[in-house]
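Engineer: sharing a sequence plus its predicted fold:
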Amino acid sequence: MSDIKKRLVIIGGGFAGLSVAKKIDKSQWEVTIVDRHNYHSFPPLFYQVASSELEPSGITFPLRREMRARKVKGCRYRMGTVASIDTASRRVITEFEEIPYDKVIIAAGATNNFFGIDGLPDRVYTLKSVPEAIRCRNAILERLERAALLPQCDERRALLTFVVVGGGPTGVEIAGALGEMKRYIIRRDYPAIDREEVKVVLCEGTDRLLRTMSENSSKAALKDLGQLMVDVNLGKTMKSYDGRLITFADGTTINSATLIWTAGITGEPIALTGTEVKAGPGGRFIVDEYNRVTGLDDVFAIGDISCHADERFPRGCPQLAQPAIQQGRTLAENLNRRASEQWRPFSYKDKGSMATIGRNRAVVDMGKLHFSGWAAWMMWMFIHLISLLGMRNRAVVLLNWIWSYFSFSTSLRMILKTAEQPHKKAY
Ligand SMILES: Cc1cc2nc3c(=O)[nH]c(=O)nc-3n(C[C@H](O)[C@H](O)[C@H](O)COP(=O)(O)OP(=O)(O)OC[C@H]3O[C@@H](n4cnc5c(N)ncnc54)[C@H](O)[C@@H]3O)c2cc1C
């Protein structure tokens, strides 16, 4: 074998990118991971940051520290936001540099889709990254603080009305967490606010919650949210939001100062130059069974930003952690093979899906098995805990969960914002 290593650039240090980094043969490949954040994050628990249940540091892990871990050792990290890949000169282009590659893997995940609704990105709160979750947490706490200073009036009612749009797992989880806040926290922390004044509304455009899960799970989630005093509206499609008034397709309106948008997802925008190939529907790159972007030999896409369709999933694998991890592993194994060896096609092994609605409440689908309640909640906690990166993070998250289970509270409800002064240009 030649001593000269081939250059592999991985865009994104999320589930998919890191699973390649763990399996790839570092004696064959010089691996560079480019990520706009200098940390790996754990999206399934973003909603707990937004609802002040966990600290951001518990669900993030420094990428440079991970580069020292046994399985990843030998990979390099470079900070940067990739805007494009020049397929002609084989370079990945960030705001800071151009990184040459022999093969590149796009593993940049997905971001919010606002479906072109006017002004939405500036007016709603979202949960697709740690900074977005912190912003959402600050907004929720600010609304409560401001409402506590006001007499009964429309402004106070709008501040105390929290609307979640989108009844998928993230929407259900954040609505459940807000319901718990209303039930357990408001009376103790905000004596000036009556619990009944706080409204948590979840709006879903289709006729059921958790559409990607079983009917049983949808029904259990609906019941659990009802017990947490969340007002669930099914078949309710949002048309516009001016920052105060939400208007729905059926002509009804809700006055709310806080809209949490969990209704849409699209691939992170990364342009390909030097080729006609572009991202397909949903901003996802269409890939073949080896995760090669169709029409390009040296460009691969894995995880949420890829669309790998087969008979079972004609519209692509679900945008979940497991497909991202499995695609990363299979691709790394294929890239490690000798030139004469046959590549193994990717096939997704569905290990099930789950969502939590609050303490002692969760739903789990595993093949034909569906269960909910305490056992599902225990399983949800266990799976999420072992999936976190870093022993310290697991210990911190577990401690937080135990603490809040017994105390019905956490001590994390601080509004923490970055200082706006002095102004200094970022490097
Ligand atoms: C709120 C929320 C809750 C979820 N809950 C669950 C759940 O319970 N179970 C489940 O299985 N899945 C869940 N998912 C989905 C799961 O998180 C994704 O399917 C998974 O993270 C996809 O992995 P990925 O590596 O493709 O993307 P990600 O894990 O998102 O990683 C992408 C990485 O790329 C980086 N990046 C993005 N754009 C650029 C760029 N232009 N340049 C450089 N770096 C870039 C990002 O910083 C990030 O580190 C949830 C997602 C969200 C947002």
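Structural biologist: Cool, the structure landed. Computed from a prediction, not measured in an experiment: that's the story for all the values here. Numbers count the residues shown, from 1 in each chain.
Engineer: show the subsequent helix or strand relative to the helix or strand hosting Ile10.
Structural biologist: In this assignment (DSSP states H and E), Ile10 forms part of strand 6-11. Counting by DSSP H and E, the element after strand 6-11 in chain order, helix or strand, is helix 15-23.
Engineer: ok now that next one, how far from the chain's centre?
Structural biologist: Distance of helix 15-23 from its chain centroid, counting by C-alpha atoms, centre = their mean, to the nearest Å, is 17 Å.
Engineer: ditto for stretch 46-57
Structural biologist: With C-alpha atoms, centre = their mean, you get 13 Å for stretch 46-57.
Engineer: end to end, how far does it reach?
Structural biologist: Distance across stretch 46-57, first residue to last, is 11 Å (C-alpha to C-alpha, to the nearest Å).
Engineer: the strand holding Ile10: which residues count as buried?
Structural biologist: Arg7, Leu8, Val9, Ile10, Ile11 (16 or more other C-beta atoms under 10 Å). Where you see a C-beta, it was placed from the backbone N, CA and C, and this is true even at glycine.
Engineer: tell me the pLDDT at the third one?
Structural biologist: With respect to pLDDT, Val9 has a value of 98.
Engineer: what bridges to it?
Structural biologist: Thr32, Val104 (DSSP bridges).
Engineer: need the contact list for it.
Structural biologist: The neighbourhood of Val9, defined by C-beta atoms under 8 Å, 6 or more residues apart in numbering, consists of Val31, Thr32, Val34, Val92, Ile99, Tyr101, Lys103, Val104, Ile105.
Engineer: just Arg143 next, same as before
Structural biologist: Arg143 is in contact with Leu159, Leu160, Phe162, Ala257, Thr258, counting by C-beta under 8 Å, 6+ apart.
Engineer: CA-only coordinates of the helix or strand harbouring it, as PDB, when you get a sec.
Structural biologist: Per DSSP H and E: Arg143 is located in helix 130-148. C-alpha atoms of helix 130-148 as PDB (Å, rounded to 0.1, in the frame of the first residue of the first chain):
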ATOM      1  CA  VAL A 130     -28.000  24.700  20.700                       C
ATOM      2  CA  PRO A 131     -28.000  28.500  20.100                       C
ATOM      3  CA  GLU A 132     -31.600  28.300  18.900                       C
ATOM      4  CA  ALA A 133     -32.600  26.300  22.000                       C
ATOM      5  CA  ILE A 134     -30.900  28.800  24.300                       C
ATOM      6  CA  ARG A 135     -32.700  31.700  22.500                       C
ATOM      7  CA  CYS A 136     -36.000  29.900  23.000                       C
ATOM      8  CA  ARG A 137     -35.300  29.300  26.700                       C
ATOM      9  CA  ASN A 138     -34.500  33.000  27.200                       C
ATOM     10  CA  ALA A 139     -37.700  34.000  25.400                       C
ATOM     11  CA  ILE A 140     -39.900  31.700  27.500                       C
ATOM     12  CA  LEU A 141     -38.400  33.000  30.700                       C
ATOM     13  CA  GLU A 142     -38.500  36.700  29.600                       C
ATOM     14  CA  ARG A 143     -42.200  36.300  28.700                       C
ATOM     15  CA  LEU A 144     -42.900  35.000  32.200                       C
ATOM     16  CA  GLU A 145     -40.900  37.800  33.900                       C
ATOM     17  CA  ARG A 146     -42.600  40.500  31.800                       C
ATOM     18  CA  ALA A 147     -46.100  39.100  32.400                       C
ATOM     19  CA  ALA A 148     -45.500  39.000  36.100                       C
END
